[in-house]
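> Show me how the following folds:
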Amino acid sequence: MRQFLVTVTPVLVPSTASTTTAAPVVSPVVGPVVGKIHILRTSEVAPDSMERLPPIGSNNLSVHDYEDPVPELVGILQKMGVNTAGMTFELYDDVIENLGGHYTNHLIRADLGNGKKEDFSVEWTLRNPKVTAVEIARLSKMSSAQG
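Predicted coordinates for the structure are as follows:
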């Protein structure tokens with residue numbers, strides 16, 4: 001079971017009619033690269049609004065419609081002292097088909113170079129890349145014999 005919470009802040013647009021009605025206008029959150037979706041990071045959200053989830057992506061979006069989280073992720077790993085020389089990262093979409101339609105998961109496949117491969121959500125990595133970096137650092141310390 002999945003539960004999504006989406007919060008939209010309406011922007012009031014003056015009406016040309018004689019009454020003073022306002023219509024909400026919803027615009028996508030766009031990152032520094034034009035055309036890429038930028039997920040709000042925890043550092044960009046006020047502490048009282050931490051319960052808000054990032055925007056839920058459309059099933060028509062591709063992983064390439066999002067801001068690329070890999071450069072920031074690698075930078076954080078290097079600051080943590082993790083050797084990223086043998087690691088590779090691949091962005092891909094995993095389309096889950098069911099009777100009601102489909103859902104697309106946007107994922108990062110991390111090959112850690114020690115026999116470990118793990119998939120991470122693009123949306124959640126964009127929201128807080130430090131959490132993903134800590135998990136990658138933990139997995140990179142494990143040998144392939146440990147599981």
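
> pLDDT on stretch 101-120, on average?
Averaged across stretch 101-120, the pLDDT comes to 91.

> how deep is residue 73 tucked in, by neighbour count?
By the measure other Cβ atoms under 10 Å, the count of residues near residue 73 is 23. Every C-beta, even on glycine, is put in place using the N, C-alpha and C of the backbone.

> Can you tell me the closest non-neighbouring residue to it?
Counting by Cβ to Cβ, 6 or more residues apart in numbering, residue 129 is the residue found nearest to residue 73 once chain neighbours are left out, at 5.0 Å.

> unless I'm mixing things up, that neighbour is touching residue 74, no?
No - applying Cβ atoms under 8 Å, one finds residue 129 not in contact with residue 74, separated by 9.6 Å.

> Those two: which has the busier surroundings?
The neighbour comparison of residue 129 against residue 74 (other Cβ under 10 Å) goes to residue 129, with 23 against 17.

> Then residue 39 would be within a helix, right?
No - with DSSP: H, G, I helix; E, B strand; the rest coil as the criterion, residue 39 is located in coil rather than a helix.

> In space, what's closest to it - neighbours in sequence excluded?
The nearest residue in space to residue 39 (Cβ to Cβ, 6+ apart) is residue 126, at 3.8 Å.

> That neighbour contacts residue 69, doesn't it?
Yes - counting by Cβ under 8 Å, residue 126 does reach residue 69; the two are 5.0 Å apart.
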